[in-house]
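*Asks:* when you get a sec, could you give me coordinates for this:
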Amino acid sequence: MPTPATAARQQIRDVVFVDGVRTPFGKAGDKGIHAGTRADDLIVKCIRELMRRNPSLPPERIDDVAIAATTQTGDQGLTIGRTAALLAGLPRTVPGFAIDRMCAGAMTAVTTTASGIAFGAYDVVIAGGVEHMGNHPMGSGTDPNPRFLSERLVDPAALNMGNTAENLHDRFPAITKDRADSYAVASQTKLAAAYGRNQIQPDLVPVAGRKPASGWTLSQQDEPPRPGTTLEDLAALRTPFRPHGRVTAGNAAGLNDGATVALLASAEAAHQLGLPAKMRLVAYSFAGVEPEVMGIGPVPATEKALSQAGLTIDDIGLFEINEAFAVQVLSFLDHFGIADDDPRVNRYGGAIAVGHPLASSGVRLMTQLARQFEEDPQVRYGITTMCVGLGMGGTVIWENPHHADYSGHITEEAA
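*Replies:* Modelled structure (predicted):
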């Protein structure tokens, strides 16, 4: 029989998002801002900034460090959660591990460690992700099992994300190229406006980099955005995945480098340590779909998460949807009856404009949602959601602590 102390430890505890930071996202390749920087150093810079921003947190109170990378080799290998913790100067008593769920790596790092907090195994964790697609192009070094094709386990298109986006256009003919391009232009416009209002910059970690013949530079903003993009600009782009197709470099996220980290804690530990609670985790879910239309993954993942939380889509006041492809976002909006220009959706723009360094993007969504919660206390619930390679989706529902009906207040007895 469990003792009273054991039973108390195993009660589910509230998990809060304390803080999140990221590097500026760069373009992958020799000319990108992070071309001469190691992936693990990008994560280290984020961890150090997270600790600097939260001085009331003793480093020895961190119970684990979970860092995701899709390509776990080279400077993204060697159990990067542990190596990054050591390189960042955290005590050697702080363990760490690596995670891979492709695009949802950082999201999974958050949900996995959050589960440990809820169960009582952890009080405070660091979770995030990194992808240096310049050093490690998507799919490099992989060896897909020939059974995938020989036994027709998946359509060959499932191994190329651009082809899966074209398949999604086929499945939903109402999502035309013009409509996808219009959404992409709006993403660029909203990101430029957010930069103009200083809504992006506070959570960016400046990164110094050195390139041959150009010396040292300090990167303090994202490299991929193209403010001023027009429909005419996008109409002229080629469709690389299919002749006369609909997916272009303009209505899809690019190939990028970048890192993100978040600080999570139990509500009680955050209160005791004087740490802010920017969001409370309500529910999360991952779902599988046909790999050849992986972009539809956020739909069943969101339906599952809403069911777990006892909520409906109408309860959600803010959406942070990762824009791997415009068609993927639009299929989600159509399913739930949300307009393309709904002001609840991606208020700061999205990955089409800012970039998508695969395993890091989940925490970018969370950091932006937390800032929007602070700006808009009328919103009680928001979601972060994304599609995932090989046919998956992930969704996390969060509650706004600034809302009048917030349910996560700590009593003095609990503290």
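*Asks:* quick one: contacts for the residue nearest in space to the middle of the chain?
*Replies:* Central residue of the chain (CA atoms, centre = their mean): Gly362, 1.1 Å from the mean position. Shown in contact with Gly362 (CB atoms under 8 Å, 6 or more residues apart in numbering): 68, 103-110, 129, 260, 322, 384, 386, 394. Every residue, glycine included, has its C-beta placed from N, CA and C.
*Asks:* which ones among the residues you listed lie within helices?
*Replies:* Using DSSP state H, the members of those that fall within helices are 105-110.
*Asks:* tell me which stretches of the stretch 151-300 of the chain form helices.
*Replies:* Counting by DSSP state H, counting those that start in this stretch, the stretch 151-300 of the chain has helices at residues 161-171, 177-196, 231-235, 267-273, 298-309.
*Asks:* distance to Pro357, mean pLDDT and mean neighbour count added to those helices, as a markdown table?
*Replies:* Shown next, in a markdown table, are those (distance: least, CB to CB, whole Å; pLDDT from 0 to 100; neighbours: other CB atoms under 10 Å):
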| stretch | distance to Pro357 | mean pLDDT | mean neighbour count |
| --- | --- | --- | --- |
| helix 161-171 | 14 | 96 | 22 |
| helix 177-196 | 16 | 98 | 20 |
| helix 231-235 | 22 | 97 | 14 |
| helix 267-273 | 28 | 97 | 19 |
| helix 298-309 | 19 | 98 | 21 |
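*Asks:* quick one: closest of those helices to Pro55.
*Replies:* Pro55 lies closest to helix 267-273 among the helices of the stretch 151-300 of the chain, at 10.4 Å (CB to CB).
*Asks:* next one: that closest one to chain centre, how far?
*Replies:* Averaging C-alpha positions (CA atoms, centre = their mean, to the nearest Å) puts helix 267-273 25 Å from its chain's average.
*Asks:* let's see it as PDB, backbone CA atoms only.
*Replies:* C-alpha atoms of helix 267-273 as PDB (Å, rounded to 0.1, in the frame of the first residue of the first chain):
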ATOM      1  CA  ALA A 267       3.100  26.000 -10.100                       C
ATOM      2  CA  GLU A 268       4.200  25.500  -6.500                       C
ATOM      3  CA  ALA A 269       7.900  25.600  -7.300                       C
ATOM      4  CA  ALA A 270       7.500  28.700  -9.500                       C
ATOM      5  CA  HIS A 271       5.700  30.400  -6.600                       C
ATOM      6  CA  GLN A 272       8.400  29.400  -4.100                       C
ATOM      7  CA  LEU A 273      11.200  30.600  -6.300                       C
END
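*Asks:* so which elements touch it?
*Replies:* The contact analysis (3 or more CB pairs under 8 Å, 6 or more residues apart in numbering; DSSP states H and E) places helix 267-273 against strand 15-22.
*Asks:* and for the strand it packs on, what's in contact with it?
*Replies:* For strand 15-22, contacts defined as CB under 8 Å, 6+ apart pick out 46, 49-50, 53-54, 110, 114, 117-118, 203-205, 258-267, 270, 275-281, 360, 363-364, 366-367, 370, 398, 401, 408.
*Asks:* now the strands for the stretch 51-200 of the chain?
*Replies:* 64-68, 96-99, 124-132 (DSSP state E, counting those that start in this stretch).
*Asks:* circling back to that earlier point, buried subset of the contacts of Gly362?
*Replies:* Buried subset of the contacts of Gly362 (neighbour count, 16 or more other CB atoms under 10 Å): 68, 103-110, 129, 260, 322, 384, 386, 394.
*Asks:* hang on, the earlier thing: where's the residue nearest to the centre of the chain, which helix or strand?
*Replies:* Per DSSP states H and E, Gly362 falls inside helix 361-375.
*Asks:* quick check: angle from that helix to strand 64-68?
*Replies:* Between helix 361-375 and strand 64-68, the angle comes out at 110 degrees (axes from the mean of the first three to the mean of the last three CA atoms, to 10 degrees).
*Asks:* separation between the residue lying closest to Val65 once chain neighbours are set aside and Thr113?
*Replies:* In space, Val65 comes closest to Gly96 once its chain neighbours are excluded; the distance is 3.7 Å by CB to CB, 6 or more residues apart in numbering. As for Gly96, its distance to Thr113 is 11 Å (criterion: CB to CB, to the nearest Å).
*Asks:* what sits in contact with each of the two?
*Replies:* With CB under 8 Å, 6+ apart as the test, Gly96 and Thr113 both reach 64, 66.
*Asks:* looking at the two, which has the bigger crowd around it?
*Replies:* Thr113 (26 against 21; other CB atoms under 10 Å).
*Asks:* can you pull the contacts of Pro156?
*Replies:* By CB under 8 Å, 6+ apart, the contact set of Pro156 is 149, 163.
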